[in-house]
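>>> Sequence below, structure please.
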Amino acid sequence: MDLTVADASALRRALGRFATGVTIVTCRAADGAPVGLTANSFSALSLKPPLVLWSLRAASPSVAPFQQAAGFAVNVLAQSQLALSRRFASVVPDRFAAGDWSSGLHELPVLAGCAAVFECRRVSHQEAGDHVLFIGEVLRMTEHPVAPLVFQGGHYRGLGDPL
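As a prediction, the model looks like this:
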């Protein structure tokens, strides 16, 4: 079933009611250049084995580097990293010029100060509708007790007090 423009807009609004974390997913291109983008389509998939998944619009110019890379890192952003989220969602030429980046496993770009980082071996990727799903096995992770950045209803948000 093809959605009309109005239906697609309504679907986007309804999906936006679901609050998500905000990540910068990174890899290395075949030439060694760092590749990264903002994504909120990140999810846990399995504990045994430890698997995570995220998705990327199939028309994105970043699809090919992620499909060719042996792994990727999911940097779960802290509230203090809102500007980096916006930077990596834009078309600025050198996204990695801002932020405190280091090389993790397999030279994956890892961002300091995140709520969590998952360094992964890419297990698979597959097309699904207008996106490509990437599944990775978590090889190393770190976490820090900082407030995560949240996205909901088309806006960045912080967490409130626990219920």
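>>> Pretty sure Val92 sits in a helix.
No - secondary structure of Val92 (DSSP: H, G, I helix; E, B strand; the rest coil): coil, not part of a helix.
>>> number of nearby residues for it?
Residues lying near Val92 (other C-beta atoms under 10 Å) number 12. Where C-beta positions appear, they are placed from N, C-alpha and C, glycine not excepted.
>>> What's the per-residue pLDDT of it here?
What the model reports as pLDDT for Val92 is 92.
>>> if I look at it, how far off is Leu37?
12 Å (C-beta to C-beta, to the nearest Å).
>>> Likewise for Ser85?
10 Å.
>>> Quick one: list the elements packing against the helix or strand where Asn75 lies.
Assigned by DSSP states H and E, Asn75 belongs to strand 71-76. Based on contacts counted as 3 or more C-beta pairs under 8 Å, 6 or more residues apart in numbering; DSSP states H and E, the elements that strand 71-76 packs against are strand 23-28, strand 109-111, strand 116-128, strand 131-143.
>>> Sheet partners, orientation included, of it?
Strand pairing for strand 71-76, using DSSP bridges, gives strand 23-28 (antiparallel), strand 116-128 (antiparallel).
>>> Can you tell me which of those strands is most buried?
Mean neighbour count (mean count of other C-beta atoms under 10 Å) peaks for strand 23-28 among these, with a mean of 26.
>>> Could you identify the helix or strand that succeeds that strand?
strand 34-39.
>>> Pull the distance from that next one to the chain's centre.
Strand 34-39 sits 7 Å away from the centroid of its parent chain (C-alpha atoms, centre = their mean, to the nearest Å).
>>> thinking again about what came up before, rounded mean pLDDT for the strand holding Asn75, please.
98.
>>> Show residues contacting it.
21-27, 42, 52, 54, 66, 104-106, 108-111, 114-122, 134, 136, 139, 148 (C-beta atoms under 8 Å, 6 or more residues apart in numbering).
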